[in-house]
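# What shape does this take:
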Amino acid sequence: MRTIWKFPIPISDRFELVVPDGYSVVHVGPDPQGHLSFWADVDTDATRSPYVFSVVGTGNPAPKNGFHAGSFVDWPFVWHLFEIETEPF
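Numbering: from 1, shown residues only. Purely as a prediction, here's the structure:
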C-alpha cells in the first residue's frame with residue numbers, strides 16, 4: 001500500500017534511517033511540534049533498508065556522493081537534505 005510517512009531529521013551532519021526502498025521525499029521542514037522532519041511517499045510492502053542522509057546549509061560543501069532530496073527554511077538559514085550513496089557491502 002502506498003502512503004506518506006514522516007521521518008525525523010536528527011541534529012547531525014550525517015545520520016542513518018531505515019526507510020522503505022523506492023521512497024520519494026515529498027516535503028522537508030518542521031512538523032507541528034517544531035521538530036525537523038521529512039515526509040516520503042512509501043510502499044508499506046517494500047523492503048526496508050538503511051539509508052544515509054546529510055543536512056548542509058546554503059554555501060557549505062554539498063556531499064560529492066549524494067543527491068538532493070529536499071530543502072527547508074529555518075529563518076535566516078536554508079538547509080538542504082541529501083541522501084548519501086554508500087558503497088555496497
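# In space, what's closest to Thr86 - neighbours in sequence excluded?
Nearest residue to Thr86 in three dimensions, chain neighbours excluded: Val52, at 5.5 Å (Cβ to Cβ, 6 or more residues apart in numbering). In short, each C-beta sits where N, CA and C put it, glycine included.
# next one: His80
Take His80 and drop its neighbours on the chain: the residue closest to it by Cβ to Cβ, 6+ apart is Ser71, 4.8 Å away.
# separation between the one you found and Gly29?
Here the criterion is Cβ to Cβ, to the nearest Å. By it, Ser71 lies 9 Å from Gly29.
# Between those two, which is the more surrounded one?
In this comparison of Ser71 against Gly29, neighbours counted by other Cβ atoms under 10 Å, the higher total goes to Gly29 at 16 against 13.
# is that one in a bridge, and if so with what?
Taking DSSP bridges, one finds Ser37 as the beta-bridge partners of Gly29.
# per-residue pLDDT, it?
The predicted structure scores Gly29 at 92 on the pLDDT scale.
# My guess is it contacts Trp75. True?
No - at 11.9 Å, Gly29 does not count as touching Trp75 under the criterion of Cβ atoms under 8 Å.
# So, low pLDDT: which residues of the protein?
Applying pLDDT under 70 to the chain flags residues 87-89.
# Contact partners for Glu85?
Counting by Cβ atoms under 8 Å, 6 or more residues apart in numbering, Glu85 touches 65-67.
# repeat for Phe77
Counting by Cβ under 8 Å, 6+ apart, Phe77 makes contact with 57-58.
# repeat that with 7 Å
Shown in contact with Phe77 (Cβ atoms under 7 Å, 6 or more residues apart in numbering): Gly57.
# Just grab the bridge partners of it for me.
According to DSSP bridges, Asp74 are recorded as the beta-bridge partners of Phe77.
# ok so, going back, closest one of the contacts of Glu85 to Tyr23?
Ranked by distance to Tyr23 (Cβ to Cβ), the contacts of Glu85 are led by Phe67 at 13.0 Å.
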